[in-house]
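Visitor: Here you go, sequence then predicted model.
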Amino acid sequence: MTWTAQPAIAGLKEGIAAHAKQDYATSIREFLVLAQQNHAVAQYYLALHYHHGRGVIRDVKKAARWYTESAKLGYPRAQNNLAWLYQSGNGVKQDYTRAAYWYTQASPQHLLAKINLAYLYRYGLGVEKSNATAFKLYKEAADQGDGRGLYELGRLYEKGRGTKKDIKKAVDLYRKAALRRYDRAMYTLGLMYHLGKGVKKDYIQAERWYRFAMDANSTPGQTRPGYKSAYYGMGQLYKEGLGVPKDHQVAATYFKQAADLRHREAAFEVAVLYEKGIGVKKELKLARKYYEISAKLGYRKAINRLNEMGQNEIQPSS
């Protein structure tokens, strides 16, 4: 019996309701009984418990096992998650070919799988590289109003990959994605205004969209980090006094926030400010610390500066 033909039985409803209430003991009990009876949706939810350690010790290998059982029965959400495990090599041996296979199975009914499959075609991972196929898949997602699909389609227009290069079209797509609160699109739209790329240079608009990108992941009563490059962009505006008062202290604050999110150029900027005592108290120990953070993230300028300071060469992290 495939998942599409499986009845919405009482145990499944109870399991899903318990899962939503974070009553994981109840949801696991209900899902396990059904999963052992080859119920695809229950198998998927049981896999989620193991994948994220909800009510059980986190075990991605067991998650992969249950995703596989559900995926074989044709459940798209399980197929997408299993593909992601193969793509990332998490819980299973990394295998882009299998990732592509399961994304392909899920993509007609699962939007995220379609986008993930487009990524594999864009970079030739497990499939023959094809920007044209990536463009087709991203466009299908964009036509459904998906923020990431709109953004990625914009990237292809900006780079002229799989389609004719069209910066204005790219900006239009970034704007549509940004209005759907896709954080990377908000940042990129701010960057386009910052650089005057595809639009008239406008630092006020750049600052506006950077702020939106910084706030994109927050919800009422809960503040979460936004898109890391947006903090870096804000730091640059304050460092140079572009559309905002020139203020190295404020710039340092934004650069630090980006650096804490592993933005290598931002970490380098913080190091320079500490080394020179600009906007912050001069502290060579802190300067070295941020140079090391930047260097470990592979930023060549930081590696070179550490060597000039007599530091043994830092190997970038993988």
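Guide: Okay, I see it. Numbering: from 1, shown residues only.

Visitor: Let me see the domain layout of this structure.
Guide: 1-109, 130-212 (automatic domain parsing).

Visitor: so where's the chain uncertain?
Guide: 1-8, 311-318 (pLDDT under 70).

Visitor: Can you pull up the most central residue in it?
Guide: residue 184 (8.4 Å; CA atoms, centre = their mean).

Visitor: Would you verify that it is located in a strand?
Guide: No. Remark: residue 184 does not belong to a strand; assigned using DSSP: H, G, I helix; E, B strand; the rest coil, it is helix.

Visitor: Who are the contact partners of residue 262?
Guide: Residue 262 makes contact with 228, 293, 297 under the criterion CB atoms under 8 Å, 6 or more residues apart in numbering. In this view, the C-beta of every residue, glycine as well, is placed from N, C-alpha and C.

Visitor: want to throw those into JSON lines with distance to residue 211, neighbour count and secondary structure?
Guide: Shown next, in JSON lines, are the contacts of residue 262 (distance: CB to CB, whole Å; neighbours: other CB atoms under 10 Å; DSSP: H, G, I helix; E, B strand; the rest coil):
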{"residue": "228", "distance to residue 211": "14", "neighbour count": "20", "secondary structure": "helix"}
{"residue": "293", "distance to residue 211": "25", "neighbour count": "22", "secondary structure": "helix"}
{"residue": "297", "distance to residue 211": "25", "neighbour count": "19", "secondary structure": "coil"}
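
Visitor: Closest to residue 61 out of these?
Guide: Lowest distance from residue 61 to the contacts of residue 262 (CB to CB) belongs to residue 297, with 29.9 Å.

Visitor: excluding its backbone neighbours, what's nearest that closest one?
Guide: In this structure, residue 297 finds its nearest non-sequential neighbour in residue 264, 3.7 Å apart by CB to CB, 6 or more residues apart in numbering.

Visitor: ok, the one you found touching residue 298?
Guide: Yes. Using CB atoms under 8 Å as the test, residue 264 is close enough to residue 298 to be in contact (6.5 Å).

Visitor: More neighbours: which of those two?
Guide: A count of neighbours by other CB atoms under 10 Å puts residue 264 above the other of residue 264 and residue 298, at 21 against 14.

Visitor: how about that one, what does it touch?
Guide: 293, 294, 297, 298, 299, 302.

Visitor: what's the farthest-apart pair in those?
Guide: Among the contacts of residue 264, 293 and 298 lie farthest apart (CB to CB), at 11.1 Å.

Visitor: Once you drop chain neighbours, what's closest to residue 306?
Guide: Using CB to CB, 6+ apart and skipping the chain neighbours, the partner closest in space to residue 306 is residue 291 (5.2 Å).

Visitor: Run a quick neighbour tally on that neighbour.
Guide: Residue 291 has 28 neighbouring residues, counting by other CB under 10 Å.

Visitor: ok, so what distance separates it from residue 248?
Guide: Look at residue 291 and residue 248: by CB to CB, to the nearest Å, they are 18 Å apart.

Visitor: repeat for residue 128
Guide: Separation of residue 128 from residue 248 (CB to CB): 50 Å.

Visitor: what about the two, which has more around it?
Guide: Neighbours around residue 128 and residue 248, counted as other CB under 10 Å, are more numerous at residue 248. The numbers are 18 against 7.
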